[in-house]
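[1] Take a look and give me a structure for this.
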Amino acid sequence: MAAFGFAPRGARRPHTRQLGKGPELVAHDRDEILARTDLELLFREEVGVGRGRGRSATWPCPVATHEQTGKSPPVSINVDKQVWRCHGCGTGGSAVDLLMHTRGLSVGAVLGLLEERAGLAPRATPPPRAPQQKAAVVPEQHEAPSSESSLAALEHYVAACAAALWRPEGRPVLEWLSSRGLGVNVLQANRIGADPGPRDLERAEGLPRRGVGAVFPVLSADGRATYCQTRYLRAAGAKYDNPVQAFFGANPRVALLRPPSNADDAVIVICEGMPDALTAAGAGARAIAVLGAGYPDAAVAKMVLAAQPAGRIVVAFDADQRGRQGASQLGALLAEAGAGRRVHQLGLPAMGGDQEDLNSWAVRAGSDFAEQFRSALVTAAPLGWELVTSAADLLSEFLAAQADIAGAVKIPTGVAALDELLAHGGWRPGVVLLGGLAGVGKSAFALHTAVHAALAGHPVLYVSVEQSPLELLGRLFCRQLARPIADYWNRSPSYLDEARQVARQLPLANLYLRADPALSTDHDGTVGRVRAWAAAVADLTGATPLVVVDYLQRMRPPEAERRLDVYRQISLAGLGLRQLARDLTCPVIAISSLGRASYDKAVSLDCFKGSGDLEYDADACMVLRVAARNDDEARSITTTRAVIPLELHIVGKNRYGPLTGEHPLLLDFDRSHGAFRSQRQNEPAQRGAADNGRTPPKPPSLDLPDP
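    Below you'll find the model as predicted:
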């Protein structure tokens, strides 16, 4: 029979194939090794914690073929004689017999492990014996296999288990994997297998052999197995088992899991263990599994950075105390390596009980998990771990940042006075919330600033939820031609002729206009599409775009968030835009309606109530409002005048500069043409002035070349 085949039940199984050539004989002082071995401690290490204390303690049976309920552990230990016995199947013996059952090793290999564990040096010859005693029997010892032979044995085992998963003998494992929400595609992409147990599957010495289990291989770049873990379905002790280090090398600590299809390289998810990482990969993300029970160390952080040298690193450890501590430690190590600002932490939903991991979330969410997971990736918050450093240590970074700001390209707003109020002389990376009541020209002002940015050579992505790209282009031509918007809708022949002439003067190549579609099945939502479009514009142009979203309250949530209330949906949309601004290092202007606004009181952040939490997360909050003393006067101005005097307030917060306070910026808005003009800032707003006959302003000078 081949070394890696299936034996029919009841058939006599031949000895497993030994790896490596016959080594030199090495003698072990068996009695001294056993005297140095604490059998109770070894049982805890191999099969888990026993039940009870002292001489009455009992343990699970280490024999793989002994099926147990787990209610009454059948093994007792004679502490004086350092032997054990299972009262269920009759098996027993010393520490050597225990490791032969749990590790599948020969006597010689077990004695070698116990000798090393006890800190005893191996001897080249047997110890002297009394003349009346028989000569000591030299136990069998195997040298560690060569790297080539051990990898070949491991590959055979993984291949056999991967094939077994889809056959009848692998059905229990497949059903267990399916119950954990793991689909066929991700299982096949990562060569997940089923070990039907040592009675049915031959394997090399040193490979897991304690029973039926799922086999999770660690794969190289070319898809070959370099290591594996086995998760037993009915474990008589520890659930996970690894190959013996002396034969197959040390635990690599991390494994890169493959999604079934191409994934976004901009993000990678770090998980505790294989099932969680497979869950993330099944949802379409690149994932890394941290293997082993220990906390992440510097070696793990180094391997994570090697897998993700740029882009976001999202830590998705369990939500229990150990998981939080592990995430904090990994964040510290990554921050120390200079990647702290790229590290984020995935927020797991509250599930209660012991369901505090990614896989439990997937099981509970069912078919909705992929959408929920993608939304959580977008809104993942910074891990929040920073090394404690002195100001002196930050000096070089501070000076470099100042040099970058001084030499950075400025994105003008189209309003010179507003540029002066914003650090960097215009828009800079971050989120600006632009609010206003209906009819004050929020969209027109956003289009105005988009045109000026494009004229300065910057790419601009303008996403509208309500207007089509053609309508936006028509409004742009009306603005430039100083013609009424009605001419676009009426398709006036003269308007079309003039539009053809002025088209060559407009920065159309730098403007990317998109309408957000209404989809019956929407996995990404508006935020996901805006993110993809902004990344595409950055790739096409090689420059950071200005992103305008019109407008916040009409952004469409992904299906996973449609069950949430509107306030929460808007909050998540705002968080997604903030994440977009941070990841792409670009300015984002989000237009917002105002929930509480009155001309009878001063402008404040309270105007944005109903806009989710974005007014607190935004870098600057701006409000456009009619220059009026009360609501009645504002209503009169907007219904009777062609040109509306406006005030632009920077309220509550401006991380780029000062607030406007009692001196807002004054603008004239020609509503029929969609054009803006700055008023002279040294003149007070003429509130309530009877200037209905004011001449409509010309569009701002754009310094366009002649056609």
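[2] Which residue ranges of the stretch 351-500 of the chain form strands?
    With DSSP state E, counting those that start in this stretch as the criterion, the stretch 351-500 of the chain has strands at 381-382, 430-436, 460-464.
[3] so what does the last one touch, helix or strand wise?
    Yep, that's strand 460-464 we're talking about. helix 442-455, strand 511-515, helix 525-541, strand 546-550 (3 or more Cβ pairs under 8 Å, 6 or more residues apart in numbering; DSSP states H and E). From N, CA and C alone the C-beta is placed, and that goes for glycine too.
[4] among the ones you listed, which is nearest Arg44?
    Arg44 lies closest, by Cβ to Cβ, to one member of the helices and strands packed on strand 460-464: helix 525-541, at 48.4 Å.
[5] Report the buried residues of that closest one.
    Gly525, Thr526, Val527, Gly528, Arg529, Val530, Arg531, Trp533, Ala534, Ala535, Val537, Ala538 (16 or more other Cβ atoms under 10 Å).
[6] Just put those in CSV and tack on distance to Arg625.
    Shown next, in CSV, are these (distance: Cβ to Cβ, whole Å):
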residue, distance to Arg625
Gly525, 30
Thr526, 26
Val527, 28
Gly528, 32
Arg529, 31
Val530, 27
Arg531, 31
Trp533, 31
Ala534, 29
Ala535, 35
Val537, 32
Ala538, 34
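[7] Just the closest of those to Ala238, please.
    Set against Ala238, the nearest of the buried residues of helix 525-541 by Cβ to Cβ is Gly528 (41.0 Å).
[8] Redo the helices and strands packed on strand 460-464 as JSON lines? Include mean pLDDT and distance to Leu421.
    Shown next, in JSON lines, are the helices and strands packed on strand 460-464 (pLDDT from 0 to 100; distance: least, Cβ to Cβ, whole Å):
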{"stretch": "helix 442-455", "mean pLDDT": "89", "distance to Leu421": "14"}
{"stretch": "strand 511-515", "mean pLDDT": "90", "distance to Leu421": "25"}
{"stretch": "helix 525-541", "mean pLDDT": "87", "distance to Leu421": "25"}
{"stretch": "strand 546-550", "mean pLDDT": "93", "distance to Leu421": "17"}
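[9] I'd like the strands of the stretch 351-500 of the chain as JSON lines, with distance to Ala337, mean pLDDT and mean neighbour count appended.
    What follows is these, written out as JSON lines (distance: least, Cβ to Cβ, whole Å; pLDDT from 0 to 100; neighbours: other Cβ atoms under 10 Å):
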{"stretch": "strand 381-382", "distance to Ala337": "16", "mean pLDDT": "76", "mean neighbour count": "14"}
{"stretch": "strand 430-436", "distance to Ala337": "26", "mean pLDDT": "88", "mean neighbour count": "25"}
{"stretch": "strand 460-464", "distance to Ala337": "33", "mean pLDDT": "93", "mean neighbour count": "24"}
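[10] Adding distance to Ala57, write those strands out as JSON lines.
    JSON lines is the format used below for the strands of the stretch 351-500 of the chain (distance: least, Cβ to Cβ, whole Å):
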{"stretch": "strand 381-382", "distance to Ala57": "46"}
{"stretch": "strand 430-436", "distance to Ala57": "60"}
{"stretch": "strand 460-464", "distance to Ala57": "66"}
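[11] Any stretches of the stretch 351-500 of the chain with poor pLDDT?
    For the stretch 351-500 of the chain, residues meeting the criterion pLDDT under 70 lie at 351-355, 384-390, 393-394, 396-398, 400-409, 423-424.
[12] domains of this structure?
    Using automatic domain parsing, the domain parsing of the chain gives 30-118, 147-382, 409-678.
[13] Sketch out the low-pLDDT regions of the stretch 1-150 of the chain for me.
    1-28, 49, 53-54, 65, 67-71, 119-146.
[14] can you map out the strands along it?
    Under DSSP E, counting those that start in this stretch, the stretch 1-150 of the chain gives strands at 58-59, 75-78, 83-86, 92-93.
[15] packing partners for the second one?
    Helices and strands in packing contact with strand 75-78 are listed as helix 39-47, strand 58-59, strand 83-86; criterion 3+ Cβ pairs under 8 Å, 6+ apart.
[16] Which of these sits closest to Ala509?
    Using Cβ to Cβ as the measure, helix 39-47 is the one of the helices and strands packed on strand 75-78 that comes nearest Ala509, at 67.8 Å.
[17] picking that back up, with mean neighbour count and distance to Leu665 as extra columns, can I get the strands of the stretch 1-150 of the chain in a markdown table?
    A markdown table is the format used below for these (neighbours: other Cβ atoms under 10 Å; distance: least, Cβ to Cβ, whole Å):
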| stretch | mean neighbour count | distance to Leu665 |
| --- | --- | --- |
| strand 58-59 | 20 | 78 |
| strand 75-78 | 20 | 81 |
| strand 83-86 | 20 | 84 |
| strand 92-93 | 16 | 87 |
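[18] so can I have a markdown table of those showing distance to Ala221?
    Shown next, in a markdown table, are the strands of the stretch 1-150 of the chain (distance: least, Cβ to Cβ, whole Å):
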| stretch | distance to Ala221 |
| --- | --- |
| strand 58-59 | 42 |
| strand 75-78 | 44 |
| strand 83-86 | 45 |
| strand 92-93 | 44 |
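[19] residues contacting Leu342?
    Let me fix one detail, which is that residue 342 is Arg and not Leu. Residues in contact with Arg342 (Cβ atoms under 8 Å, 6 or more residues apart in numbering) are Gln308, Ala310, Gly311, Arg312, Ile313, Leu334.
[20] Fine by me, thanks again.
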